[in-house]
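S.K.: coords below, sequence missing:
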């Protein structure tokens, strides 16, 4: 023992491998493997914070540019402005990621640092950073025998990372980052660089004190691993992270799944296969096959995307049954079950575009559970409206009215509720450790939901008690899909079938509104204004006619059209003071007066 000690003392110790003895080398390899495992886990943690999944080895995940990784992590899935605690979390994780390969290159050798750099590429999905770290590690290995001051070598080796952070922040999409305080954007990376220097200094000091025995690197990594995990669990939570990713993928209007998809190529390939298989020579038959293939291909794509959205929501609800974001996830699940493709877009553009406006009977269970279990949630409001529509289709008018009345009562509670996230300004250190405020994601247009509820309630009160047909005409009307290419024909068929019903006027007005030619639509509406003057459809007719005149005035810069629109609004307000359309007319009239005043004065 004393002989080995004397041999060690006489040896000029430069790194871990300079210690003599077989056991010293074996211990060095053991600690190297442990260091690599802990370092790999840190890279996995960083990727999980950004994508809410631990691994993704697809090619697409490695081909994104640096400004969609380093900077995008500050705004997605959780913005650093609403969770400033991400500053120490990301800063500590990134400090270890950039410091350890440099230290391994100094203490073990350049070739061993390549394993750690591979973790950055493969596990953290930071390809550009891995290239910079390659340069850093090479500088550390090449300079350790030329410069006696090891900490100076470490600082010199970290200089490319300073350049990397500068380029990454300067190359980011500033339109996305504009709402965020610039201090918050740079704080994690400044923290990371300074912390990396501290880690390098402490590890090299410990290494010198223990005469380059392995273990110094591991001691420095453990707190920088444990503390971010504790902070994230305490102030953010895995449920918020995974819900934000879920919402990003499946929110209508904002996610990729709701982006129109061109399916003409698929249809062409399918038609070509059938043409070759059956040797079809008739051109009309080929056209008919292609026409049939479009809705078939659209249904296939719909089923695939719908199943993907439904399964993702169910996994979240099963994984986090007590999360405060359960109502949000249930709302997205209900919309996923109500997903349909727009027939009109498919017919005109050969593209599949989804909408969730038409309520499907398969979503009833989700909406019912949402309204019953979470009555005080803002997402119970659209659930009540959709359940009321389903109730009307079932001719259960009593329940439909009860749901709509309940919706209007709860509206008073939500009227002043903020659904947007104000920008948070950090004025004290304590604010960094505040939990993110709960935000309504997806955001709801509550005024639109309330207006639709009032319109439906008015329609029910005026037409559901038909002495001859009862609620059947209204139920059949609510079953029609407005995006279906034959929607207008179906309306006309219902109008003929129930020509003696109380709903007949509403069917004709809806039929007129589906006319594509604005002048033909205007002529029909003007005819119905006088014909339905004493019926409930007269209010809507006047509103739609006024809106059409206002649009024509804007397109043609016609002052006369503006005056006609104003007259129609005023007539509506006078003749139908208690109608829901009157409130809309008042708002439109005020807007029209301000607009004409700006244009003509």
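M.R.: Noted; the coordinates are in hand. Quick caveat, the model's predicted, so the values are computed rather than measured.

S.K.: pLDDT weak spots in the stretch 301-450 of the chain?
M.R.: For the stretch 301-450 of the chain, the stretches with pLDDT under 70 are 416-429, 438.

S.K.: which stretches of it form helices?
M.R.: Taking DSSP state H, counting those that start in this stretch as the criterion, the stretch 301-450 of the chain contains helices spanning 326-337, 343-349, 364-373, 380-393, 397-414, 446-463.

S.K.: residue closest to the middle of the protein?
M.R.: Nearest to the mean C-alpha position of the chain, counting by C-alpha atoms, centre = their mean, stands residue 248 at 1.8 Å.

S.K.: tell me the confidence at it?
M.R.: According to the prediction, residue 248 has pLDDT 88.

S.K.: what about it, distance to residue 524?
M.R.: 43 Å (C-beta to C-beta, to the nearest Å). Any C-beta I mention is one placed from the backbone N, CA and C, and that applies to glycine too.

S.K.: ok, and the closest non-adjacent residue to residue 461?
M.R.: Distances taken as C-beta to C-beta, 6 or more residues apart in numbering put residue 401 closest to residue 461, at 7.8 Å, once the chain neighbours are dropped.

S.K.: what sits against the one you found?
M.R.: 388, 457, 460-461 (C-beta atoms under 8 Å, 6 or more residues apart in numbering).

S.K.: of those residues, which is the most crowded?
M.R.: Most neighbours among these, by other C-beta atoms under 10 Å: residue 388, with 29 neighbours.

S.K.: what sits against that one?
M.R.: 399-401, 403-404, 407, 453, 456.

S.K.: what are the contacting residues of the host helix or strand of the residue nearest to the centre of the chain?
M.R.: In this structure, residue 248 sits in helix 238-250 according to DSSP states H and E. Outside of helix 238-250, the residues within contact range by C-beta under 8 Å, 6+ apart are 48-49, 51-52, 76-78, 232, 254-257, 309, 312-313, 316, 319-320, 323-325, 328-329, 332, 335-336, 436, 441-442.

S.K.: with adjacent residues omitted, what lies nearest to residue 400?
M.R.: Nearest to residue 400 is residue 391, by C-beta to C-beta, 6+ apart, at 3.7 Å.

S.K.: what count of nearby residues applies to the one you found?
M.R.: There are 23 residues near residue 391, going by other C-beta under 10 Å.

S.K.: got the contact list for it?
M.R.: 397, 399-400, 403.

S.K.: now the contacts of residue 401 as a markdown table including distance to residue 531?
M.R.: Below are the contacts of residue 401 laid out as a markdown table (distance: C-beta to C-beta, whole Å):
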| residue | distance to residue 531 |
| --- | --- |
| 388 | 29 |
| 457 | 24 |
| 460 | 23 |
| 461 | 21 |
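
S.K.: and the residues you listed, which is closest to residue 269?
M.R.: The closest of the contacts of residue 401 to residue 269 turns out to be residue 388 (C-beta to C-beta; 43.6 Å).

S.K.: circling back to that earlier point, and the gap between the residue nearest to residue 461 and residue 480?
M.R.: In terms of C-beta to C-beta, residue 401 sits 21 Å off from residue 480.

S.K.: repeat for residue 367
M.R.: 20 Å.

S.K.: likewise for residue 22?
M.R.: When distance is defined by C-beta to C-beta, residue 22 is 83 Å away from residue 480.

S.K.: please apply the same query to residue 73.
M.R.: 46 Å.

S.K.: so which helix or strand of the protein has the lowest pLDDT on average?
M.R.: helix 2-10 (a mean of 44; mean pLDDT, DSSP states H and E).

S.K.: now the next helix or strand after it: buried residues?
M.R.: Once the chain leaves helix 2-10, the next helix or strand it forms, by DSSP H and E, is helix 22-51. The neighbour-count check on helix 22-51 (16 or more other C-beta atoms under 10 Å) flags 24, 27-28, 31-32, 35-36, 38-51 as buried.

S.K.: and the angle from helix 22-51 to helix 238-250?
M.R.: Angle, helix 22-51 to helix 238-250, by axes from the mean of the first three to the mean of the last three C-alpha atoms, to 10 degrees: 50 degrees.

S.K.: from here on, count from 54
M.R.: All set: I'll call the first residue 54, so the last point we hit is now helix 75-104.

S.K.: elements contacting helix 75-104?
M.R.: helix 139-160, helix 163-175, helix 269-288, helix 291-303 (3 or more C-beta pairs under 8 Å, 6 or more residues apart in numbering; DSSP states H and E).

S.K.: now do that helix, average pLDDT.
M.R.: 90.

S.K.: how far away from the center of its chain is that helix?
M.R.: Remark: helix 75-104 is offset 34 Å from the chain centroid, using C-alpha atoms, centre = their mean, to the nearest Å.

S.K.: no more questions from me, cheers.
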